[in-house]
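Engineer: the sequence isn't on hand, but the structure is:
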């Protein structure tokens, strides 16, 4: 194992575990925050794993994940707004 693989493992355990816990507990707003945290940590984990593998052609995956996470946040935020 090299340093990039260890960093990927640390990000997965130290970042995704709290994000998933937050996404499963609390009210709707706390779950949305957990979803956002999970998507951010997922992008960072993907970038570090790609660096560990050494294939720059895989960089399209985190780029698409960032765009989808942003669009998903906008949709969920609109669904969570208070209705008059």
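Structural biologist: Now that the structure is in, tell me what you want to look at. Computed from a prediction, not measured in an experiment: that's the story for all the values here.
Engineer: all helices of the chain, in order?
Structural biologist: In the chain, the helices defined using DSSP state H lie at 3-11, 17-24, 28-53, 60-80.
Engineer: which residue packs closest to the most centrally placed residue in the chain, ignoring adjacent ones?
Structural biologist: Centroid-nearest residue in the chain, with Cα atoms, centre = their mean: residue 39, separated by 1.7 Å. Once flanking residues are discounted, residue 39 sits nearest to residue 69: 3.6 Å by Cβ to Cβ, 6 or more residues apart in numbering. No exception for glycine: its C-beta is placed from N, CA and C like everyone else's.
Engineer: and residue 56, how many neighbours?
Structural biologist: If you count neighbours by other Cβ atoms under 10 Å, residue 56 ends up with 9.
Engineer: relative to residue 44, how far out is it?
Structural biologist: Distance, residue 56 to residue 44, by Cβ to Cβ, to the nearest Å: 17 Å.
Engineer: equivalent analysis for residue 60, please.
Structural biologist: Distance, residue 60 to residue 44, using Cβ to Cβ: 16 Å.
Engineer: show me the shaky parts of the chain.
Structural biologist: 84 (pLDDT under 70).
Engineer: give me that answer again for 80
Structural biologist: 82-84 (pLDDT under 80).
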